[in-house]
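# coordinates for the following, if possible.
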Amino acid sequence: MIVWNVRIPGRPFLIHRLWGMFVLAGIFRSSCRSVCGRAASALLLLIVVAGESRALGPAVDAVNADYIWQQGYTGERVEIGVIDLHQVDSSHPALGGNFLGSVNFAKGAGWLSSHATAVAGAALSQDPTRLGVAHGASYWSGQTTNRAGIVPDPEAMTVSVETFAQGLGILGGNPTEVVTMSIGFNGSDDGNDQWSLALDHVVSTLGTTVVVAAGNDGPSPSSYPGPPGAAYNILSVGATGGSGAALSEDYTQIAPYSSRGPTSDGRSKPDIVAPGSLIELPTLGGAWAETSGTSFAAPIVAGGAALLIDVGLDRGYDTDATVIKSVLLNSADKLPGWSHTQTAPLDPNLGAGQMDLAAAFLQYDAGEQEAGTVAPAGWDHGLLSAASSSYAISAAIPIGEQVTATLTWNRQVATDVEDITAAVYSAAPLENLDLFLFEANDLLNPVASSTSAIDNVEHLYFTTLSQGNYVLEVRDVAGVPLDPLAYSLAWHVTDVIDALLPGDANGDGWVDGLDYLVWAGNFGSQPGPDGDVSDGDFNDDGTIDGLDYLLWAGNFGTHSATTVPEPTALALSSLGVLGTLLLRRRAIVA
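Have a look, this model is predicted:
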């Protein structure tokens with residue numbers, strides 16, 4: 001039992017790999033073909049997994065970042081711009097290895113701050129025991145003001161919006177794939193100030209994913225403090241981690257300070273939430289400190305976006321900001337209390353829900369599929385040149401399944417001059433798109449609709465009332481658009497996403513010891529490729545062998561966005577595995 005206390009620093013999934021090779025060595029011996037051999041293997045594996053080191057505590061665990069790490073992606077192909085009032089302390093041991101440089105857009109003396117350093121740490125920390133979400137990514141640090149402690153007024157301060165926007169493109173030379181900002185300014189939250197317009201322009205012209213903290217003025221409704229956290233094209237991020245008015249590491253609850261929507265002009269914000277409370281993050285002088293705020297939820301989402309873009313760059317997927325936004329929102333975990341309406345597509349506190357990177361990877365990896373007949377999970381970066389585009393889901397959907405779909409598109413923002421240092425921004429009227437779900441035998445009467453007239457996101461979350469085929473439709477309310485309109489649509493059916501989770505043999509949404517029992521009981525058999533992982537053939541190569549074990553071990557403890565049992569349920573499941581194995585052993589001995 002001394003093994004119970006072992007902790008191995010480094011990547012959390014390294015333990016699975018090292019211990020998995022040890023177990024496999026035993027498995028491939030003939031003696032381990034017995035139930036006793038399998039019982040010993042399971043017992044040792046469960047003990048070691050229970051002692052693995054975690055990244056930045058429960059906050060990063062809550063968004064399942066390690067699931068994408070286990071696929072081999074840590075953000076190494078991606079650059080992140082950390083834009084703050086001041087600069088990141090790149091001399092911190094956790095933040096020096098992936099630092100590209102600092103840029104002072106405000107002119108004058110540069111300042112280092114603990115705030116900027118902590119923001120960077122949530123996304124990028126390379127400390128082996130406190131890994132950031134995208135610890136393999138590189139980053140730039142951008143400073144927007146040289147006046148310590150002063151929050152600039154976007155319409156009056158000498159810190160110009162032009163140099164701010166220029167900073168998003170790192171002096172116009174090499175635009176980063178992701179920008180994270182945890183700063184806010186005085187002004188309206190209607191998205192029409194120059195700062196918000198500049199962000200929307202960068203997203204719509206460069207395809208950069210821009211992530212902004214919602215603010216810390218909650219819990220009252222409509223408590224956004226001002227720009228740029230309510231810009232149209234960005235990902236606006238609220239924070240979880242509360243218990244009533246108190247802060248906690250319960251990341252299934254909205255944090256009390258997190259700013260709530262809707263905006264003053266009625267739009268649905270935030271877009272998504274992530275852990276923001278009681279997170280240990282780097283600060284000045286090489287130290288670490290416990291921090292709370294939407295400032296630290298935003299870089300967690302930015303890190304998640306960077307992981308998806310890393311996957312996309314490697315696998316040849318579209319990495320446009322609207323694709324990443326629709327995938328993240330569509331795969332978000334619906335926390336307790338989540339709700340929306342036909343005309344308010346997102347929850348005013350929780351947005352689309354909490355980021356879940358295991359589900360996001362599966363959603364993204366389902367692949368791009370153009371309008372027409374599509375699989376039960378996928379996405380499309382489409383171009384609307386007619387009044388509507390339809391997506392007919394190929395398989396019949398059983399009664400009681402959840403159909404989730406998210407549509408995003410950009411507000412178009414123009415500049416009066418090409419020189420970004422002297423630009424003034426203006427927005428075109430927002431195109432009004434709606435999203436519908438029909439039963440295939442009745443294309444006149446939708447069973448679910450998302451029809452906001454003021455948002456550039458639509459979101460469906462519908463439980464099927466009858467078994468059959470279904471069709472999604474993207475529709476331009478004004479009819480045929482004057483110019484082809486780019487949009488992104490992501491969709492999935494719950495049982496499909498669950499089935500895509502490697503290692504989940506029993507389809508309960510968790511990869512746990514019960515799935516190991518399925519694999520162990522069928523080890524060595526050859527069911528043949530059938531697309532069904534329920535027999536333990538997780539890679540569907542026709543043989544249940546050690547390669548399937550590695551898939552199970554690498555994903556142990558992960559879950560889909562649609563099935564989130566309490567931690568005690570997972571613990572009881574593990575105890576049940578051990579009990580079952582021991583009973584089987586006693587039966588054989590007897």
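# show me where the stretch 151-300 of the chain has its helices.
Ranges of helices within the stretch 151-300 of the chain are 161-168, 194-206, 294-315, based on DSSP state H, counting those that start in this stretch.
# now the stretch 401-550 of the chain
494-499, 513-522, 546-554.
# to residue 262, which of those helices lies closest?
Closest approach to residue 262 among these (Cβ to Cβ): helix 494-499, 27.7 Å. All C-beta spots, glycine's among them, are computed from the backbone N, C-alpha and C.
# now do the closest one, average pLDDT.
Helix 494-499 shows a mean pLDDT of 66.
# surely residue 193 and residue 227 touch.
Yes - at 4.6 Å, residue 193 and residue 227 qualify as touching, with contact defined as Cβ atoms under 8 Å.
# how is the chain carved up into domains?
2-53+501-589, 58-358, 360-497 (automatic domain parsing).
# read off the pLDDT value for residue 164.
51.
# typo on my end, it should be residue 551
For residue 551, the model assigns a pLDDT of 81.
# same thing with the one 10 residues further on?
As summarised for this prediction, residue 561 has a pLDDT of 44.
# quick one: contacts for the nearest residue to residue 460 once chain neighbours are set aside?
Sequence neighbours aside, residue 405 is the residue nearest to residue 460 in space, at 4.4 Å (criterion: Cβ to Cβ, 6 or more residues apart in numbering). By Cβ atoms under 8 Å, 6 or more residues apart in numbering, the contact set of residue 405 is 330, 435, 437, 459, 460, 472, 489, 490, 491.
# let's go with 6 Å and repeat that
By Cβ atoms under 6 Å, 6 or more residues apart in numbering, residue 405 lies in contact with 460, 472, 491.
# go through the domains of the chain and pick out the most buried.
Mean neighbour counts were taken over the domains of the chain using mean count of other Cβ atoms under 10 Å, and the top value, a mean of 23, falls to domain 58-358.
# what is the end-to-end distance of that domain?
Counting by Cα to Cα, to the nearest Å, you get 15 Å between the two ends of domain 58-358.
# centre of the chain to it, how far?
12 Å (Cα atoms, centre = their mean, to the nearest Å).
# how about the helices of the stretch 151-300 of the chain in CSV, adding distance to residue 144?
Formatted as CSV, the helices of the stretch 151-300 of the chain follow (distance: least, Cβ to Cβ, whole Å):
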stretch, distance to residue 144
helix 161-168, 6
helix 194-206, 10
helix 294-315, 14
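# comparing those helices by mean pLDDT, which bottoms out?
Among these, helix 161-168 carries the lowest mean pLDDT (a mean of 50).
# my guess is residue 335 meets residue 254, correct?
No - counting by Cβ atoms under 6 Å, residue 254 is not a contact partner of residue 335; they are 7.6 Å apart.
# and the strands in the stretch 151-300 of the chain, which stretches?
For the stretch 151-300 of the chain, applying DSSP state E, counting those that start in this stretch gives strands covering 178-181, 209-213, 235-240, 242-243, 246-247, 272-275, 279-282, 288-291.
# which other residues reach the longest one?
Right, strand 235-240. Against strand 235-240 from outside (Cβ under 6 Å, 6+ apart): 211-214, 229, 251, 254-255, 258, 269-273, 275-276, 294, 297-298, 301, 325, 354.
# and the second one, by the same measure?
With contact meaning Cβ under 6 Å, 6+ apart, strand 209-213 is reached by 178-182, 199, 203, 228-229, 234-237, 294-295, 298, 301-302, 305, 321, 324.
# helices and strands of this structure: which one has the lowest mean pLDDT?
Lowest on mean pLDDT, DSSP states H and E among the helices and strands of the chain sits helix 35-50, with a mean of 28.
# just after it, pick out the following helix or strand.
helix 58-61 (DSSP states H and E).
# helix or strand right after that following helix?
Per DSSP H and E, the helix or strand that comes after helix 58-61 is helix 65-70.
# next secondary structure element downstream of that following helix?
Assigned by DSSP H and E, the successor of helix 65-70 is strand 79-84.
# that next one - contacts with which helices or strands?
strand 138-143, strand 178-181 (3 or more Cβ pairs under 6 Å, 6 or more residues apart in numbering; DSSP states H and E).
# now do 7 Å
When contacts are defined as 3 or more Cβ pairs under 7 Å, 6 or more residues apart in numbering; DSSP states H and E, strand 79-84 sits against helix 114-124, strand 138-143, helix 161-168, strand 178-181.
# redo those as TSV? Include distance to residue 516.
Shown next, in TSV, are the helices and strands packed on strand 79-84 (distance: least, Cβ to Cβ, whole Å):
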stretch	distance to residue 516
helix 114-124	33
strand 138-143	38
helix 161-168	47
strand 178-181	36
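# hey, least reliable of the ones you listed by pLDDT?
helix 161-168 (a mean of 50).
# OK, contacts around residue 383?
484, 486 (Cβ atoms under 7 Å, 6 or more residues apart in numbering).
# report the secondary structure state of it.
strand (DSSP: H, G, I helix; E, B strand; the rest coil).
# show the pLDDT at it.
Confidence score, pLDDT, at residue 383: 97.
# so what's it bridging to?
residue 486 (DSSP bridges).
# gap between it and residue 233?
From residue 383 over to residue 233 the distance is 17 Å, taken as Cβ to Cβ, to the nearest Å.
# go on, residue 328?
For residue 328 relative to residue 233 (Cβ to Cβ), the value is 14 Å.
# try residue 380
18 Å.
# got it, and residue 337?
27 Å.
# out of the helices of the stretch 151-300 of the chain, which is closest to residue 427?
helix 194-206 (5.9 Å).
# show me what the closest one is packed against.
Taking 3+ Cβ pairs under 7 Å, 6+ apart as the contact cut, helix 194-206 packs with helix 161-168, strand 209-213, strand 413-415, strand 425-427.
# before we move on, the earlier item: for the strands of the stretch 151-300 of the chain, which one sits closest to residue 72?
strand 178-181 (19.1 Å).
# tell me which residues are up against the closest one.
78, 80-83, 119, 123, 168, 208-213, 298-299, 302, 305-306, 309.
# give the partner strands of that strand in its sheet and their orientations.
Going by DSSP bridges, the partners of strand 178-181 are strand 79-84 (parallel), strand 209-213 (parallel).
# which one of the ones you listed has the lowest average pLDDT?
strand 79-84 (a mean of 92).
# now the angle from that one to helix 194-206?
Interaxial angle, strand 79-84 versus helix 194-206 (axes from the mean of the first three to the mean of the last three Cα atoms, to 10 degrees): 180 degrees.
# compute the inter-axis angle for strand 79-84 and helix 114-124.
Computed by the same axes, to 10 degrees, the angle separating strand 79-84 from helix 114-124 equals 160 degrees.
# so after strand 79-84, what's the next helix or strand?
Criterion used, DSSP H and E; the element after strand 79-84 is strand 99-104.
# partner strands of that next one and their direction?
strand 138-143 (parallel).
# what residue ranges in the stretch 301-450 of the chain score low on pLDDT?
417-423 (pLDDT under 70).
# next helix or strand past whichever helix or strand residue 360 is part of?
If you go by DSSP H and E, residue 360 is part of helix 357-365. Beyond helix 357-365 in the direction of the C-terminus, DSSP H and E gives the next helix or strand as strand 372-374.
# sheet partners, orientation included, of that following strand?
Going by DSSP bridges, the partners of strand 372-374 are strand 388-393 (parallel).
# for stretch 427-441, what is the distance to the chain centroid?
The chain centre lies 24 Å from the centre of stretch 427-441; the measure is Cα atoms, centre = their mean.
# so what touches that stretch?
So stretch 427-441 is contacted by 192, 197, 200, 392, 403, 405, 407, 409, 411-414, 446-451, 453, 456, 458, 460, 462, 468-478, 481, 485, 487 (Cβ under 7 Å, 6+ apart).
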